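>>> Next input, structure requested:
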Amino acid sequence: MTHGPSDPENQPQAHAELHSAEQFEAWRKSLLATPAPAPVLTEVGKVTEVGDGVAVVTGLARALADELLAFECGVQGIVLDLEPGRLGVILLGPSELITLGEDVRRTRKVVSVPVGSALLGRVIDAMGHPRDGLGTISAVAEASIEAEAPGILSRSAIFRPLATGIKAIDAAVPVGLGQRQLIIGDRQTGKTSIAIDTILNQARSDVICIYCAVGQRGDAVSHVIDALKKGGMMARSIVMSAGDEEAPGLAYIAPYSAMAMAEYFSDQGEDVLVIFDDLTHHAQSYRELSLLLRRPPGREAFPGDIFYVHARLLERAGQFNQEAGGGSITALPVVETQAENLSAYIPTNLISITDGQIYLSPRLVRKNQFPAVDLGLSVSRVGGKAQSRTLREVAGNLRVTLSQFEELEDFARFGTRLDDATRARLARGTAVRTALRQGERDPMPAAEQLVVLIAAMEGLFDALSEQQLIDAIARIRAVGKDRFEFIDERISENKALNEEDRKRIMTIAHTVLSASPATHTLSVHEVSRHGSDA
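Numbering: from 1, shown residues only. All right, here's what the predicted structure looks like:
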C-alpha cells in the first residue's frame, strides 16, 4: 500500500524541503545584491643583477621612488633609481641571500620604524630592531623615516640654551634648544667625546637623547653605551648603531630613522637631542650605493644630490611652536675632515646647512689642550640669543683675550725681548687657556663654569703654574657646590651678575686659593682628555 503526498506521514518532510528552498533563494538574492570584491593585484618582478648592497629589479613598472620592496628570501630593499625597464634598489640586508631571478614584490609602503618611549634605554639597529638582547620592543606606533620638514609657520625662535657642560662651548660657542650645530675636526680630536659629554650633562635637564652611530666600530659604540650607563643617562637615551659590517643601506637610512624617533617625542612637547656620528660615513655609504647603481658622480665622486640628502635630514630639526607640539629637536651632526681641510665637499655642505660649527683643531691636540675647541674658527649663529645673560657677560671678552694671546704667543717664539705689559698679557692668556681645559666625562654645571672663568679673566691664576692652576680649579669647584647658590639664582632668573656678586665670587676664590691645597685635586693626566673620539 502506497502513501500520497497528502498523507500525514509525508507532511513534515514537505515542509522542511519548502523551508530549505526559501532559505536558498534568499541567500542567492543576497549574493546577487552584494557587490563583487575588488580583485587583488600582486605585482611581481625579477632580480636581474645583484651587487654589494644593491640589486637591479625588472618587471615592476608601477613601483614608486623610496618604496619598500620585499624579496623572496626575506630581505627588504628601497627603490632608489627609477629607470625605463629597471629599478635600482638599495638593500637593507645581506646581498648574499639574494639570487638572480628570484621574485620581488611591491609593498606599497615606505620604510617605517617603531617609535615611542619603549625605545628609551635600548640599543637598536637602523630598522628599530633590538641589539641589546633585552627582548622585543613594544613600540607605541610606527613612523615613516621620511617626513616633510616643518614649515616656517610651525617654528618659533630659539630662546632656551642647551647646556653642554663644556666651558669653551657654553661660554663662547653656545648652543640653543632646536639648533643644528656641527662638530667638525680631524680624526682623533675628540669629536665623539664632546657629543657624549653633552648627553651626560642632560642629567641636569629633561632632554631626551638619541645617539646615532653611522659607520662606527662596534667597540667604539660599546664605549659610548658604557659611558651613558655610568653617567646615568642610558634610561633617557636611545643608541642606534649601523656599523661598517652591516649593509650600506642600513647606514644610509639610520639618520632618518633616528630623526623619525626624535619627531615622535617633539610632537609630545619634549626636547630631544640627536647626535649623528658621523655624517662623513653616511655620505660615503650613499656614494658607494650610488656608484654601484651607476649614477653619474660629481665633485669628489659624490652624487649631485648629496647636499639634498643631508639638508632634508637636518631641516627637520628646530624649535617648534605650540600648534606643532611645542617641543624641539637639537641636532649635533659630526663630520670628519682630512688634514684640516675645511673646504672639502661634505664639510662645506654641512657648514652651509647648519647654524654654526664647533671646530676641533689638531694643533690644540698637540698642545695637550682638551677639549681642542678652536674659538677662532668656531661660531654659533643663533645660540647666543639663547645664552644666559649671566654667562654672556662673563664670557664676552673670552674670544678677544685668547685671539690676542695666540698672536703674542707666536711673536714671543722668536725670542724677542718683551716688556712687562706684554709678559702680563701672555701670562693672562696662558692662564685662561689652561682654565678652559676640562676632563673627559666631566661636564660642569653653569655656576662652576662662571666661577672658574671669572677667576681666570680677573687674573687670579696668572702667577700659578699649570699644575697649581689645575689644583686651584678643583678646589674652587669643590667649595662651589655649597657657596655659589646665588649664581644659580641669577642663571635661573636670566640676570647678569652685579658688582656685589662679583665681589663675593672673588672673595671666596681668594680664600680658597690662599688656603692649603685640599684633597680635591686632579693631575694633569686626569684633566687631559684622551685623544680618541670614543
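
>>> mind listing the strands in the stretch 351-500 of the chain by residue range?
356-360, 379-380 (DSSP state E, counting those that start in this stretch).

>>> So for the first one, mean pLDDT?
With pLDDT averaged residue by residue, strand 356-360 scores 97.

>>> what are the C-alpha coordinates of it, in CSV please?
Coordinates of each C-alpha in strand 356-360 appear next as CSV, following Å, rounded to 0.1, in the frame of the first residue of the first chain:
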residue,chain,number,x,y,z
GLY,A,356,77.3,77.1,13.3
GLN,A,357,80.2,74.8,13.9
ILE,A,358,82.5,73.7,16.7
TYR,A,359,85.9,73.2,15.2
LEU,A,360,88.4,70.9,16.9
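
>>> Just to check, residue 477 is in contact with residue 444?
Yes. Using CB atoms under 8 Å, residue 477 and residue 444 qualify as a contacting pair, with a distance of 7.3 Å. (Glycine included, C-beta is placed from N, CA and C.)

>>> Between the two, which contacts overlap?
When contacts are counted by CB atoms under 8 Å, 6 or more residues apart in numbering, residue 477 and residue 444 have residue 452 as shared neighbours.

>>> and the strands of the stretch 351-500 of the chain as TSV, adding mean neighbour count?
TSV is the format used below for these (neighbours: other CB atoms under 10 Å):
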stretch	mean neighbour count
strand 356-360	25
strand 379-380	20
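
>>> Tabulate those strands (JSON lines), appending distance to residue 281.
Formatted as JSON lines, those follow (distance: least, CB to CB, whole Å):
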{"stretch": "strand 356-360", "distance to residue 281": "17"}
{"stretch": "strand 379-380", "distance to residue 281": "25"}
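
>>> So which bits of stretch 501-517 are buried?
Within stretch 501-517, the residues that qualify as buried are 501, 504, 505, 508, 509, 512, 513, counting by 16 or more other CB atoms under 10 Å.

>>> residues in contact with the third one?
Contacts here follow CB under 8 Å, 6+ apart; on that basis residue 505 touches 450, 451, 454, 455, 484, 487, 497.

>>> Go through those and say which is closest to residue 414.
Within the contacts of residue 505, distances to residue 414 taken as CB to CB reach their minimum at residue 455, with 31.3 Å.

>>> from what I can see the closest one touches residue 509, true?
Yes. At 4.7 Å, residue 455 and residue 509 qualify as touching, with contact defined as CB under 8 Å.

>>> which residues are common contacts for those two?
Between them, residue 455 and residue 509 share these contacting residues under CB under 8 Å, 6+ apart: residue 476.

>>> ok, residue 31 to residue 25 distance?
Counting by CB to CB, to the nearest Å, the gap between residue 31 and residue 25 amounts to 11 Å.

>>> my bad, residue 208
The value you get for residue 208 to residue 25, if CB to CB is used, is 65 Å.

>>> Looking at the two, which one has more neighbours?
residue 208 (26 against 10; other CB atoms under 10 Å).

>>> residues contacting that one?
The contact partners of residue 208, by CB under 8 Å, 6+ apart, come to 120, 236, 237, 238, 262, 265, 270, 271, 272, 273.

>>> mind checking pLDDT for it?
In this prediction, residue 208 carries a pLDDT score of 98.

>>> Phi and psi next, for it.
For residue 208, the backbone dihedrals are phi -90, psi 140 (criterion: degrees, to the nearest 10).

>>> Per-residue pLDDT of residue 313, please?
In the predicted model, residue 313 carries a pLDDT score of 97.

>>> same deal with the one 3 residues further on?
Model confidence at residue 316, expressed as pLDDT, equals 97.

>>> mind listing what it touches?
With contacts taken as CB under 8 Å, 6+ apart, residue 316 has the following neighbours: 147, 149, 150, 259, 263, 329.

>>> switch the cut-off to 6 Å
Residues touching residue 316, when contacts are defined by CB atoms under 6 Å, 6 or more residues apart in numbering, comprise 149, 259.

>>> ditto for the one 5 residues further on
Taking CB under 6 Å, 6+ apart as the contact definition, residue 321 lies against residue 156.

>>> For it, give its distance to residue 465.
If you go by CB to CB, the gap between residue 321 and residue 465 works out to 52 Å.

>>> again, but for residue 43
In terms of CB to CB, residue 43 sits 75 Å off from residue 465.

>>> which of the contacts of residue 505 has the most neighbours?
Looking at those with neighbours defined as other CB under 10 Å, the largest count falls to residue 450 at 29 neighbours.

>>> Tell me the confidence at that residue?
Checking the pLDDT column for residue 450, the value is 92.

>>> Now for it: which residues touch it?
Under the criterion of CB under 6 Å, 6+ apart, the contact list for residue 450 reads 394, 487.

>>> What separation is there between it and residue 389?
12 Å.

>>> So which of the strands of the stretch 351-500 of the chain is nearest residue 138?
In this view, the strands of the stretch 351-500 of the chain are compared for proximity to residue 138 by CB to CB, and strand 356-360 is the closest at 37.4 Å.

>>> Pull the contacting residues for residue 443.
If a contact means CB under 6 Å, 6+ apart, then residue 443 has 165, 197, 200, 201 as its contacts.

>>> Only the buried residues of the strand or helix carrying the third one, if you could.
Just to be clear, that refers to residue 200. Under DSSP states H and E, the secondary-structure element containing residue 200 is helix 191-201. For helix 191-201, the buried set under the neighbour-count rule, 16+ other CB under 10 Å, comprises 191, 192, 193, 194, 195, 196, 197, 198, 199, 200, 201.

>>> Kindly report the same for stretch 121-137.
Those would be 121, 122, 123, 124, 125, 126, 127, 128, for stretch 121-137 by 16+ other CB under 10 Å.

>>> ok, now how distant is residue 163 from residue 505?
Distance check for residue 163 against residue 505: by CB to CB, it reads 19 Å.

>>> follow-up on the earlier one: from the contacts of residue 505, which land in helices?
If you go by DSSP state H, those have 450, 451, 454, 455, 487 in helices.

>>> returning to that earlier point: got the angle between the helix holding residue 200 and strand 356-360?
120 degrees (axes from the mean of the first three to the mean of the last three CA atoms, to 10 degrees).

>>> helices or strands up against helix 191-201?
Counting contacts by 3 or more CB pairs under 6 Å, 6 or more residues apart in numbering; DSSP states H and E, helix 191-201 is packed against strand 182-186.

>>> 8 Å - rerun?
Secondary structure elements in contact with helix 191-201, counted by 3 or more CB pairs under 8 Å, 6 or more residues apart in numbering; DSSP states H and E, are strand 182-186, strand 208-214, helix 218-230, strand 271-277, strand 328-337, strand 356-360.

>>> The most centrally placed residue in the chain bridge partners, please.
Compute the mean C-alpha point of the chain, and by CA atoms, centre = their mean the closest residue is residue 275, 1.9 Å away. Beta-bridge partners of residue 275, counted by DSSP bridges, are residue 211, residue 332.

>>> I'd guessed it sits against residue 330; true?
No. With contact defined as CB under 8 Å, residue 275 does not count as touching residue 330 (9.5 Å).

>>> Check which residues of the helix or strand harbouring residue 48 are buried.
Using DSSP H and E, residue 48 falls within strand 44-50. Of the residues in strand 44-50, those with enough neighbours to count as buried (16+ other CB under 10 Å) are 45, 47, 50.

>>> where does the second one land on pLDDT?
At residue 47, the pLDDT value in this model is 96.

>>> Among the buried residues of strand 44-50, which one lies nearest to residue 245?
Ranking those by separation from residue 245, with CB to CB as the measure, puts residue 50 on top at 18.9 Å.

>>> For the closest one, give me its contacts.
Shown in contact with residue 50 (CB under 8 Å, 6+ apart): 56, 95, 98, 99, 100.

>>> Buried among these? Make that a ChimeraX selection.
In ChimeraX, this line selects whichever of those come out buried by 16+ other CB under 10 Å:
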select :56,95,98
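
>>> farthest pair in the contacts of residue 50?
The distance between the two most remote of these (CB to CB) is 13.4 Å, for 56 and 99.
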